[in-house]
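> starting from these lines, generate the structure:
(2 chains)
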Amino acid sequence: MTETIGWVFIIGGVAFNLLGCLGLVRFPDLYNRMQAATKSVTLGTCGILFGIFLMTGFSAIGIKALVVILFVLINLPVASHALSRGSLQFGVKLWRGTIRDMFTEDRGGRSIIETGEGEEK
Amino acid sequence: MTILIVVLVLGAFFCLYRVLRGPSIPDRAIAVDIMAVIFTCITALMALRYRLAYLLDISIALAVISFVATLALAKYLSGRSLDD
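Numbers count the residues shown, from 1 in each chain, chains lettered A, B, ... in the order given. Sure, this is the predicted structure:
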């Protein structure tokens, strides 16, 4: 029974990872791509590792899988947040369908939403 | 088990497309970061398949190293030095 639940977690995690990588290809903008990829890949990786923990119990593999869950759950959202903030200050343009850019408005700067022409596809 | 690893490698190829094609530097950086996490998943599944516990040490090392690299690049992009 525990093994079956572990397989469900692993297969769901692999599906989330694949969809996250597909979002990395398909979305139109750096920030859209970043949030699609990091959120679903974090969830999928934690699913796979928790499934491995359920299948092996408190053995060496299970304990190390829990440690990797802890690292991934802290590292990936923090790295994504810092990188998106840094690239917004670096001047990477937002998608032209974006409605508001509150980060730049709060600092009183000119917004950097992309304007029609020069669309990369 | 093998088909799951093949699906994850397909996702890593999607990330590789973004690394080669990406229009800006942070695109490539986040794609390399996601690719490192996908390799973490692949080594964890191989550790489950062959029952080798030491393969998960590679997973821990990959997660930590990609985190440090991405933070250093984020510091560089926002125009500050590393000890700021």
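> excluding its backbone neighbours, what's nearest B:Leu4?
Leaving out its chain neighbours, the residue that sits closest to B:Leu4 by Cβ to Cβ, 6 or more residues apart in numbering or on different chains is A:Val14, at 5.0 Å. C-betas here are computed from N, CA, C, even on glycine.
> state the helix or strand in which the one you found lies.
Using DSSP states H and E, the element containing A:Val14 is helix A:2-26.
> which parts of chain A are strands?
Counting by DSSP state E, chain A forms no strands at all.
> looking at it, which helix is longest?
Scanning chain A for the longest helix, with DSSP state H as the assignment, gives helix A:60-90.
> could I get the buried residue list for stretch A:42-62?
Buried residues in stretch A:42-62, counting neighbours by 16 or more other Cβ atoms under 10 Å in any protein chain shown, are found at A:42-56, A:61-62.
> wait, does that stretch contact chain B?
Yes. Stretch A:42-62 is in contact with chain B by Cβ under 8 Å from any Cβ of the partner chain, via A:Thr42, A:Gly44, A:Thr45, A:Ile48, A:Leu49, A:Ile52, A:Met55, A:Thr56, A:Ser59, A:Ala60, A:Ile61.
> narrow those to those in helices?
Secondary structure assignment by DSSP H places A:Thr42, A:Gly44, A:Thr45, A:Ile48, A:Leu49, A:Ile52, A:Met55, A:Thr56, A:Ala60, A:Ile61 of the residues of stretch A:42-62 next to chain B in helices.
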